[in-house]
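1. Have a look at this prediction, sequence included:
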Amino acid sequence: MNMETEIKQIIADSLKVPREVITDELCIGDIPQWDSLGHMTLMTALAKHFGITFQREEMTDLEDVSDIVALVTEKSSQ
Amino acid sequence: MKTIEEKIFEHGENNPLYCAIKNGTKCVTYGELARCIHASASFFRKQSWYGKGRSVVLAAEKQLEFAYAYFGAHLAGLVVLPVASDINQSRLEYILDFLKPCAIIGLNHNDVQLPFIALDTFAMLEETGDIHDFPSQDDLADILFTTGTTGAPKAVPLTFANELAAAEQINGYIGNEQEDVELLALPVSHSFGLGRLRCCLFNGQTIILMGSFANTKRLYRTIDEEKVTGFTMVPASWKYLQKMSGEKLAQYASQLKYIEFGSSYFSADDKKHMAELFPNTRVTMHYGLTEASRSCFMEFHQDADALGSVGKATPGVEVKIFDESGNEMPPLGEGEICIKGRHVTKGYLKHDNQDTFFDDFFRTGDFGYKDDNGYVYLKSRLKELINVGGKKVSPMEIDQQIQAIPGIVECACVGVPDPEGILGEVVKACIVKSPGIDVNFKQIAECLHGHIEEYKIPVVWQWVDEIPKTSNGKILRSQLR
């Protein structure tokens, strides 16, 4: 599984939605499951899975799935 | 006096090109809003099931079509039962069985044998030449259901007069005006969010709908681009914003004219901090309930010496403290907080309302006192509701779901502080299991998925040997926290 697929699978699992719902353009908050509580749970799951931490500025700058994939990929490679 | 619906039509005539509601890139003006409400009312009247005074279930989705359907149903003389779009099956079944509504809008449940109308239907209705009379003040507008702690949820009827009074009292206190632009990220399925929609449209101001607080980037961009001047949140929303973006919201302090907080506990220190971050903003917080919306208000600067209270009675509202026999308590005397005002429900439907009022004061079930200056202090919520990020959770509902799992003898849920410090409270489950049964908390949580909403699933778990109870069998939840 490549990195992008893995991240999207974690997003789907964390939000408890089918994997096909998680498109690049899907924005945080676009589906009922992705509310603030869902988002907190997701960020915690990603941080734990990849052993990374997020800075506030980085979290504020996220808008959609592609932003999350890019940020997690970048931080994991550091 | 004009109903909120009448005021919307008045704004439609006097200010037809002014933006009423904005959702994403779509903006509906007051002229268009009035036309869409009118067309929706005509649509309802043509349905075979239609009858004045009958009720419809409406999924409270934060989209333009919800507003058309909601106010259109009112204009057609229907009573609206607004429900959350993620309502669980058992609660929905209870509501359907209890009130026998004649149609269901925006909520496609396969098991429900009722005429179904998709919300999108209301986006494309043609204008008609029909004439609709505005509803009368004493007609029923909405029926909301309480969370239900000591038994089944109760049906709270609200008349057009109740909702008009609430809107006037709230706008009067907060001071929002026609030129204000408000951002609404709260759900409209709760009385706080739905109340904001009514208040803004009553005023003829612009309200911007946003899915939730989750997308902070979009939230700040919207505040910036739309020149938002009013903002509403629950304490959990503020905690979330702080966690995700620090105190970035305070960058808009000079732009935000008012902020309204509501729905759950917010410490005096947090209130003081908000007042410091927003020195020139009217930062208000209310105390109220579905049956008596926003009965007390406070403003964090003006009431700096009483930040531990829930404020004073909202102008137009009377708050008194009564003992259990209905005798009024003197200042500082503790008792039940009771409310009188034009906004208060007339009593629950299909319910023996003997214990609902002391004379014409509604009994909140909350315990507290009033000081010499009229500030009301809340000591405890007798109803034992759990407040998960502003969403009220009945412990009994979760108890019952857990007790239905094989191997579980008994369960009692309580609210405990969120270990993450975000949601205010989360659900803690104390469970007694059958001896020799191999079941763990993860399995129990998995059993709950799909039966109750995700936020109701316990976060803290504990095995106990027995559930503490009074001599007459009432669970002593306070001992389980």
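-> Done, it's in.
2. Report the rounded mean pLDDT for the longest helix anywhere in chain B.
-> The residue-count maximum for a helix in chain B (DSSP state H) belongs to helix B:30-46. On average, the pLDDT along helix B:30-46 is 97.
3. can you check stretch B:428-444 too?
-> For stretch B:428-444, the per-residue pLDDT averages 90.
4. Same question for stretch B:311-321.
-> 97.
5. So for it, what gets flagged as buried?
-> Buried residues in stretch B:311-321, counted by 16 or more other Cβ atoms under 10 Å in any protein chain shown: B:Gly311, B:Lys312, B:Ala313, B:Thr314, B:Val317, B:Val319, B:Lys320, B:Ile321. Any C-beta I mention is one placed from the backbone N, CA and C, and that applies to glycine too.
6. low-scoring stretches of chain A, by residue?
-> The model of chain A has no residue with pLDDT under 70.
7. Close to chain B: what parts of it are there?
-> A:16, A:27-30, A:32-40, A:56, A:59-63 (Cβ under 8 Å from any Cβ of the partner chain).
8. now the closest residue to chain A within the stretch 1-150 of chain B: how far from B:Phe98?
-> The stretch 1-150 of chain B approaches chain A most closely through B:Asp86 (5.8 Å), counting by Cβ to the nearest Cβ. Using Cβ to Cβ, to the nearest Å, B:Asp86 is found at 20 Å from B:Phe98.
9. do the same with B:Gln47
-> In terms of Cβ to Cβ, B:Gln47 sits 22 Å off from B:Phe98.
10. sorry, back to before: show me what the longest helix of chain B packs onto, helices and strands only.
-> On a contact count with 3 or more Cβ pairs under 8 Å, 6 or more residues apart in numbering or on different chains; DSSP states H and E, helix B:30-46 meets helix B:4-14, strand B:19-23, helix B:64-75.
11. if you compare these, which one is most tucked away?
-> Comparing the helices and strands packed on helix B:30-46 by mean neighbour count (mean count of other Cβ atoms under 10 Å in any protein chain shown), helix B:64-75 ranks first with a mean of 26.
12. pLDDT averaged over the helix or strand that it is followed by - what is it?
-> Toward the C-terminus, helix B:64-75 is succeeded by strand B:79-83 as the next helix or strand (DSSP states H and E). On average, the pLDDT along strand B:79-83 is 96.
13. And the helices in the stretch 201-350 of chain B, which stretches?
-> Per DSSP state H, counting those that start in this stretch, the stretch 201-350 of chain B carries helices over the ranges B:216-225, B:235-245, B:268-277.
14. swap in chain A?
-> So, for chain A - with DSSP H - the helices run A:3-15, A:36-50, A:56-60, A:65-77.
15. Now which of the residues of chain A next to chain B would you call buried?
-> A:27-30, A:32-40, A:59-60, A:62-63.
16. For chain B, what lies in contact range of chain A?
-> So far as Cβ under 8 Å from any Cβ goes, chain B lies against chain A at B:85-86, B:210-218, B:220, B:236-237, B:240, B:243-246, B:248, B:389, B:420, B:422-423, B:449, B:454-455.
17. Which of those are buried, as a PyMOL select command?
-> Selection command for PyMOL covering only the buried members of these, criterion 16+ other Cβ under 10 Å:
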select buried, chain B and resi 85+210+211+212+213+214+215+216+217+218+220+236+237+240+243+244+245+248+389+422+423+454+455
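18. Can you name the residues bridging to B:Phe358?
-> In this entry, B:Phe358 is beta-bridged to B:Phe361, by DSSP bridges.
19. what residues are up against it?
-> B:Phe322, B:Gly326, B:Cys338 (Cβ atoms under 8 Å, 6 or more residues apart in numbering or on different chains).
20. re the thing from before, redo the helices of the stretch 201-350 of chain B as a markdown table? Include mean pLDDT and distance to B:Lys433.
-> A markdown table is the format used below for these (pLDDT from 0 to 100; distance: least, Cβ to Cβ, whole Å):
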| stretch | mean pLDDT | distance to B:Lys433 |
| --- | --- | --- |
| helix B:216-225 | 95 | 42 |
| helix B:235-245 | 89 | 32 |
| helix B:268-277 | 95 | 39 |
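21. Of all the ones you listed, which one comes closest to B:Leu194?
-> B:Leu194 sits nearest to helix B:235-245 of all these, at 16.4 Å, using Cβ to Cβ.
22. and the angle from that closest one to helix B:216-225?
-> 100 degrees (axes from the mean of the first three to the mean of the last three Cα atoms, to 10 degrees).
23. CA atoms of helix B:235-245 as PDB?
-> Taking C-alpha atoms only, helix B:235-245 is exported to PDB below (Å, rounded to 0.1, in the frame of the first residue of the first chain):
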ATOM      1  CA  PRO B 235     -17.800  26.200  25.000                       C
ATOM      2  CA  ALA B 236     -16.700  23.000  23.300                       C
ATOM      3  CA  SER B 237     -16.400  24.800  20.000                       C
ATOM      4  CA  TRP B 238     -14.200  27.400  21.600                       C
ATOM      5  CA  LYS B 239     -12.000  24.700  23.100                       C
ATOM      6  CA  TYR B 240     -11.800  23.100  19.700                       C
ATOM      7  CA  LEU B 241     -10.800  26.400  18.000                       C
ATOM      8  CA  GLN B 242      -8.200  26.900  20.700                       C
ATOM      9  CA  LYS B 243      -6.700  23.400  20.200                       C
ATOM     10  CA  MET B 244      -6.600  23.700  16.400                       C
ATOM     11  CA  SER B 245      -5.700  27.400  16.000                       C
END
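24. for the stretch 351-481 of chain B, which spans come out with low pLDDT?
-> Checking the stretch 351-481 of chain B against pLDDT under 70 turns up B:380-383, B:470-474.
25. Output the helices and strands packed on helix B:30-46 as a markdown table; include the columns distance to A:Leu46 and mean pLDDT.
-> Formatted as a markdown table, the helices and strands packed on helix B:30-46 follow (distance: least, Cβ to Cβ, whole Å; pLDDT from 0 to 100):
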| stretch | distance to A:Leu46 | mean pLDDT |
| --- | --- | --- |
| helix B:4-14 | 44 | 97 |
| strand B:19-23 | 29 | 97 |
| helix B:64-75 | 33 | 97 |
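26. From what I see, B:Leu81 and B:Ile143 are in contact.
-> Yes: between B:Leu81 and B:Ile143 there is a contact under Cβ atoms under 8 Å: 5.2 Å.
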